[in-house]
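*Asks:* Structure for this input, please:
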Amino acid sequence: MNSEQIEGNYDKVKGKLKETWGKLTDNDLMLYKGKRDQLVGKLKEQYGIAKEDAEKKLKEIESSCGCSSDSKAA
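*Replies:* You can find the predicted model right below:
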């Protein structure tokens, strides 16, 4: 996957994340770009959900965009 595809996938996932979790700021969403575990922590903090639930929902969003956690931008 080239850098344009990675960036495009990031933009898709970022949009879905904003739709799903409206309380997250753009700065929070930047965590997805390289620090996925910190984003999961932010979801736990903002929404009071378990780590496993946050990771599951994040994977669902990635799947819906045709992205996997392995193809996240770094």
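
*Asks:* I'd say Leu31 and Lys42 touch.
*Replies:* Yes - Leu31 lies in contact with Lys42 (C-beta atoms under 8 Å); the separation is 6.3 Å. Glycine gets a C-beta too; all of them are placed from N, C-alpha and C.

*Asks:* Tell me which of these two has more neighbours.
*Replies:* Higher neighbour count among Leu31 and Lys42: Lys42, with 21 against 17, using other C-beta atoms under 10 Å.

*Asks:* so who does that one touch?
*Replies:* 24, 28, 31 (C-beta atoms under 8 Å, 6 or more residues apart in numbering).

*Asks:* Next one: it from Met30, what distance?
*Replies:* Counting by C-beta to C-beta, to the nearest Å, the separation of Lys42 from Met30 is 11 Å.

*Asks:* With adjacent residues omitted, what lies nearest to Lys12?
*Replies:* Closest residue to Lys12 apart from its sequence neighbours, by C-beta to C-beta, 6 or more residues apart in numbering: Cys65 at 4.1 Å.

*Asks:* since we're on that neighbour, how many residues are nearby?
*Replies:* If we define neighbours as other C-beta under 10 Å, then Cys65 has 19 of them.

*Asks:* try Asp28
*Replies:* 18.

*Asks:* repeat for the one 10 residues further on
*Replies:* Residue neighbour count, defined by other C-beta under 10 Å, stands at 13 for Gln38.

*Asks:* From Gly8, how far out is it?
*Replies:* Gln38 is 23 Å from Gly8, by C-beta to C-beta.

*Asks:* Same question for the lengthiest helix in the chain: list its buried residues.
*Replies:* Counting residues, the longest helix found in the chain (DSSP state H) is helix 3-20. Buried residues in helix 3-20, counted by 16 or more other C-beta atoms under 10 Å: 6, 9-10, 12-14, 16-17.
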